[in-house]
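[1] Here's my sequence, what's the structure:
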Amino acid sequence: MPKTILIVDDEKHTREGLMLALEDKYDIYLAANADEAFNLLDLEKFDVVLTDLRMTGKSGLKVIDKAISMPNKPITIMMTAYGSVETAVEAMKHGAYDFLTKPINLEKLDILITRSLNTRKLVTENNILHERLDKKYNLDGLIGNSKSLIDVIEKVKLVAQSKATVLLTGETGTGKELIAQAIHQNSDRARNAFIITHCAALPSNLLESELFGHEKGAFTGAMEKRIGRFEASNNGSLFLDEIGEIDASTQVKLLRFLEGQTFERIGSNKQISVDVRLIVATNRNLEEMVSDGKFREDLFYRLNVITLEIPPLRERKEDIPMLLGHYINYFGKVNKIKPGGLNSRVVNILKDYYWPGNIRELKNFCENIIVLNREKEISEYDLDKKFISNLTEINDNKLLDNPLSVEENEKNLIKNALIEVEGNRTKASKLLGISRRTLHRKILKWPELEKI
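    Numbering: from 1, shown residues only. Predicted coordinates:
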């Protein structure tokens, strides 16, 4: 679809001449004065507004003011026969992208319009990306209403606006990277870089170079200068995950940075100053590592300015149904499957599960169960044995404390279902999420169930 341009000029031959020059590439609208331009701006969406400065009635600066107040905010370019530095400055102050002096050089005009549209496209795409990031990592996007999660969210709100180094602790899979991103997105650095480095994923001899960069020839294989991640995240945030895995040499350089916000590239003596918000995370006990001589005590205290402990999923069980619903719907959309949902017994089983992999394990479970079961409602018989092995007897949808075998649990589930529906096998099969034939076959295994 062609881009739209509004040409505003009180000289008829000028505006019509520009229309002839541009109409092969763009949809052109004409206005003879500012008032006509205002009416068109209210009626149509324009990509570019090309306006004369001095016109009968209101000036072109008023047109620019109107254009940049519109929701779609078109690119504005000023035209004037009175080209001067003062004119350019005044136009720019009002929000003009650029200005041209009359008589208009059509080749320069074409280049300027093309460049302005490309700029507008990049700005729009950048804004959309940031809106998506803001939405994704907004604190409202942290799913759950348990006290332990709400406590973390309240601390994130307080921490985000500071410059303090933050240490995130917690088990693997609890969402430390998500919390780090939320801290960045809710800070005044949100429009600048957020760079993630997984320290354990890089060999110790490469990690130092990745973080601080190196000069050409600093070591064998250093064929060119490399900008490190500290330098790349200037005015933004740097997230170092698994900080407990860094070696002694990198610990020393990291300590020096924290003391003065300066560092040296490998192979250079030049001090580089940057403004970086550092967020680090670990699933290890750094205090024990300090006691064992595996982590520098002075570095630990530099990192431990503000500590946020991210709770494991088993300590926020009331959030599990909400998380299950969210990720089942999410993976249903991703895989273009309409999920059948989970029956209440399954939800109780999953709430009672230990979740050693925390939210990461729960997400994997949701995608697996959606893909393998398509649109069917999920019953306890669809669950992997690991979820059933620690299952306790279900009575009135509450979990009791006596661990049973998988077979005993299955029998008790059927028994409770039959009791609940007063022996109606059709209703019991629906409650259990299995066919009536399957229920009949299972009842034959336990003759005492036939009496219900």
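[2] and the chain, what are its domains?
    For the chain, automatic domain parsing gives the domain ranges 4-131, 144-311, 315-451.
[3] Least reliable of those domains by average pLDDT, please.
    Lowest mean pLDDT of these: domain 315-451, a mean of 80.
[4] Strands of this structure, residue ranges please.
    4-8, 27-31, 48-52, 75-80, 98-101, 166-169, 194-198, 237-241, 262-263, 272-273, 277-282, 306-309, 392-395, 398-403 (DSSP state E).
[5] nearest to Ala428, of the ones you listed?
    Counting by CB to CB, Ala428 lies closest to strand 392-395 out of the strands of the chain; the figure is 14.1 Å. For glycine as for every other residue, the C-beta is placed from the backbone atoms N, C-alpha and C.
[6] what about the helices in the stretch 1-150 of the chain?
    With DSSP state H, counting those that start in this stretch, the ranges of helices along the stretch 1-150 of the chain come out as 12-22, 34-43, 60-68, 85-93, 106-136, 147-160.
[7] meant to ask about the stretch 251-400 of the chain, not that
    So, for the stretch 251-400 of the chain - with DSSP H, counting those that start in this stretch - the helices run 286-291, 297-303, 320-334, 344-352, 358-373, 385-388.
[8] Turn the helices of the stretch 1-150 of the chain into TSV, columns for distance to Lys3 and mean neighbour count.
    Below are the helices of the stretch 1-150 of the chain laid out as TSV (distance: least, CB to CB, whole Å; neighbours: other CB atoms under 10 Å):
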stretch	distance to Lys3	mean neighbour count
helix 12-22	10	15
helix 34-43	15	16
helix 60-68	15	22
helix 85-93	21	14
helix 106-136	6	13
helix 147-160	39	16
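[9] out of those helices, nearest to Asn335?
    Proximity to Asn335 (CB to CB) singles out helix 106-136 among the helices of the stretch 1-150 of the chain, at 19.5 Å.
[10] Burial check on Lys176, number of neighbours?
    Around Lys176 there are 24 other residues, counting by other CB atoms under 10 Å.
[11] need the contact list for it.
    Contact analysis of Lys176 by CB atoms under 8 Å, 6 or more residues apart in numbering lists Leu168, Thr169, Gly170, Asp241, Ala281, Ile310.
[12] Looking at those residues, which one is closest to Pro203?
    Of all the contacts of Lys176, Pro203 sits closest to Asp241, with 15.8 Å by CB to CB.
[13] how near is Leu206 to Gly221?
    Leu206 sits 10 Å away from Gly221, going by CB to CB, to the nearest Å.
[14] So what does the closest residue to Leu278 other than its chain neighbours look like in phi/psi?
    Closest residue to Leu278 apart from its sequence neighbours, by CB to CB, 6 or more residues apart in numbering: Thr165 at 4.8 Å. With angles defined as degrees, to the nearest 10, Thr165 sits at phi -70, psi 140.
[15] Look at Thr165 and say how many residues are nearby.
    By the criterion of other CB under 10 Å, Thr165 has 16 neighbours.
[16] In contact with it: list those residues for me.
    Contact analysis of Thr165 by CB under 8 Å, 6+ apart lists Leu258, Arg277, Leu278, Ile279, Val280, Arg302, Leu303, Val305, Ile306.
[17] Which among the helices of the stretch 251-400 of the chain is found nearest to Leu122?
    By CB to CB (comparing all of those), the closest turns out to be helix 320-334, at 28.2 Å.
[18] contacting residues around that closest one?
    Contact with helix 320-334 is made by 143-145, 313, 337-339, 341-342, 347, 350-351, 355, 359, 362-363, 366-367, 369-371, as judged by CB under 8 Å, 6+ apart.
[19] same thing but at 6 Å, please
    By CB atoms under 6 Å, 6 or more residues apart in numbering, the surrounding residues in contact with helix 320-334 are Ile143, Gly144, Pro339, Val347, Lys351, Leu362, Lys363, Cys366, Glu367, Ile370.
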